[in-house]
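Participant: below are the sequence and a predicted model; questions follow.
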Amino acid sequence: MTAKEIRQTYLDFFKSKQHQIVASAPIVVKNDPTLMFTNAGMNQFKDLFLGEATVKYPRVADTQRCLRVSGKHNDLEEVGIDTYHHTMFEMLGNWSFGDYFKKEAIAWSWELLTEVYKIPKDQLYVSIFEGDDSEGLPRDTEAFELWKHYVDEDRIILGNKKDNFWEMGDTGPCGPCSEIHVDCRPLEERNAVSGKSLVNADHPQVIEIWNNVFMQFNRLKDGSLQALPTQHVDTGMGFERLVRVLQGKTSNYDSDVFQPLIQFISEKSGFEYVSSAEPSESGWNEAVAMRVMADHIRAISFVIADGQLPSNNKAGYVIRRILRRAVRYAYTFLNLKEPFLNQLVPVLAD
């Protein structure tokens, strides 16, 4: 399946589950003082979670462009170094605003991944929130019992607050979450070492693919948690990671989302893109530089299209940092001494 087909399959699946398909919100946030950029699919629905806006559609799905380069969620320095972090990424999401809850969210995520996308069940692991005494939060036994209908208990991982309690920022809607991880290693490696021990351990081939967040609380300015008026579901699946898995690649950058950009950079710079290069090996610096450029031009282009130009303060300064990082890698490792990033925009548009 191509990236476009994978995206459309997701939207069609949730449309069949009576979800309203809505447009992606702008990346640049203008009406929320706690955020500069949309960093998750749920940002545009924050008022609905808080009960401060009228729910028009109780079930919604979309694909949301997100940027994580500042504040609580900041992936900038990892981009290009590893194969699965990005400055801008697409978040495939489905939401329930006081409608369905854990039972349906878990069942549908499993159905889509294993029956529609055909990801082998023996390559999947799930996690649930183990609870946190300091917050007075119990273990999510409901999610645990629901997952037992689909996976063996030894594939259900108890996750701590860092990994399995999702918060948008220092304040705002939050709640326990249940992640789905996929083990993309070759069969021989999977048989030798259990993927369970590699979940949330920064292994490049054992990655989180989907997060089901069960919105139950609002984090107040004093740090306390207040129960939300109604319970909601907020799920997010990394589109670039999903495409990589379904296309059988070992890196997000080897999928058809990024390869047209990388091959263009490789051709124009005269350096071969060696996807498998490791640190200290020949081709590593050039490969990192190409990944940085391919990633950063997406972020820069979409943010500028949303009306935010590079500047020396706030959101504009963040974009300036991304632009500078792309130029620095191009100049230092690919010998691209003349303006070049602009040539990538038509490739991205295609």
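Facilitator: Done, it's in.

Participant: which residues does the residue lying closest to L76 once chain neighbours are set aside contact?
Facilitator: Excluding the flanking residues, the one nearest L76 by C-beta to C-beta, 6 or more residues apart in numbering is V69, at 4.5 Å. Where you see a C-beta, it was placed from the backbone N, CA and C, and this is true even at glycine. The neighbours of V69, taking C-beta atoms under 8 Å, 6 or more residues apart in numbering as the test, are 37, 75-76, 87, 299, 318, 321-322.

Participant: try 7 Å
Facilitator: 75-76, 87, 318, 322 (C-beta atoms under 7 Å, 6 or more residues apart in numbering).

Participant: I'd like these laid out as CSV, including secondary structure, neighbour count and pLDDT.
Facilitator: Shown next, in CSV, are the contacts of V69 (DSSP: H, G, I helix; E, B strand; the rest coil; neighbours: other C-beta atoms under 10 Å; pLDDT from 0 to 100):
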residue, secondary structure, neighbour count, pLDDT
D75, coil, 17, 67
L76, helix, 20, 80
T87, coil, 29, 92
V318, helix, 24, 91
I322, helix, 23, 94
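
Participant: farthest-separated two in those?
Facilitator: D75 and V318 (12.5 Å; C-beta to C-beta).

Participant: how far away is the residue nearest to L76 from A315?
Facilitator: Using C-beta to C-beta, to the nearest Å, V69 is found at 10 Å from A315.

Participant: neighbours of G80, how many?
Facilitator: 24 (other C-beta atoms under 10 Å).

Participant: name the nearest residue to it, sequence neighbours excluded.
Facilitator: Distance criterion C-beta to C-beta, 6+ apart; nearest residue to G80, sequence neighbours excluded, is V292 at 3.6 Å.

Participant: now do A23
Facilitator: Closest to A23 by C-beta to C-beta, 6+ apart is D62, at 6.8 Å.

Participant: ok, the helix or strand hosting the one you found: who's next to it in the sheet?
Facilitator: Using DSSP states H and E, D62 maps to strand 59-67. Strand 59-67 has its sheet partners listed here by DSSP bridges as strand 20-21 (parallel), strand 88-97 (antiparallel).

Participant: which residues does D234 contact?
Facilitator: Contacts of D234 by C-beta under 7 Å, 6+ apart are 42, 95, 213, 215.

Participant: between those residues, which is closest to T141?
Facilitator: Taking the contacts of D234 together and measuring to T141 by C-beta to C-beta, the closest member is V213, at 17.2 Å.

Participant: need the pLDDT of the closest one.
Facilitator: Looking at V213, its pLDDT reads 95.

Participant: can you start the count at 39 instead of 1 from here on
Facilitator: Right, with 39 as the first residue, what we last looked at is V251.

Participant: A helix includes it, no?
Facilitator: No: applying DSSP: H, G, I helix; E, B strand; the rest coil, one finds V251 to be strand, outside a helix.

Participant: so what's the residue count around it?
Facilitator: Using other C-beta under 10 Å, V251 is surrounded by 28 other residues.

Participant: next: A387.
Facilitator: A387 - counted by other C-beta under 10 Å - has 7 other residues nearby.

Participant: now do V295
Facilitator: Neighbours around V295, by other C-beta under 10 Å: 25.

Participant: helix, strand, or coil at it?
Facilitator: V295 - assigned by three-state DSSP - is coil.

Participant: can you pull out the helices in the stretch 189-338 of the chain?
Facilitator: 199-202, 225-230, 277-284, 297-307, 322-343 (DSSP state H, counting those that start in this stretch).

Participant: pLDDT value on G286, please?
Facilitator: The model's pLDDT for G286 equals 96.

Participant: hang on, I meant H111
Facilitator: 52.

Participant: how about the residue nearest the centre of the chain, what does it touch?
Facilitator: Central residue of the chain (C-alpha atoms, centre = their mean): G276, 3.6 Å from the mean position. Shown in contact with G276 (C-beta under 7 Å, 6+ apart): 127, 129, 247.
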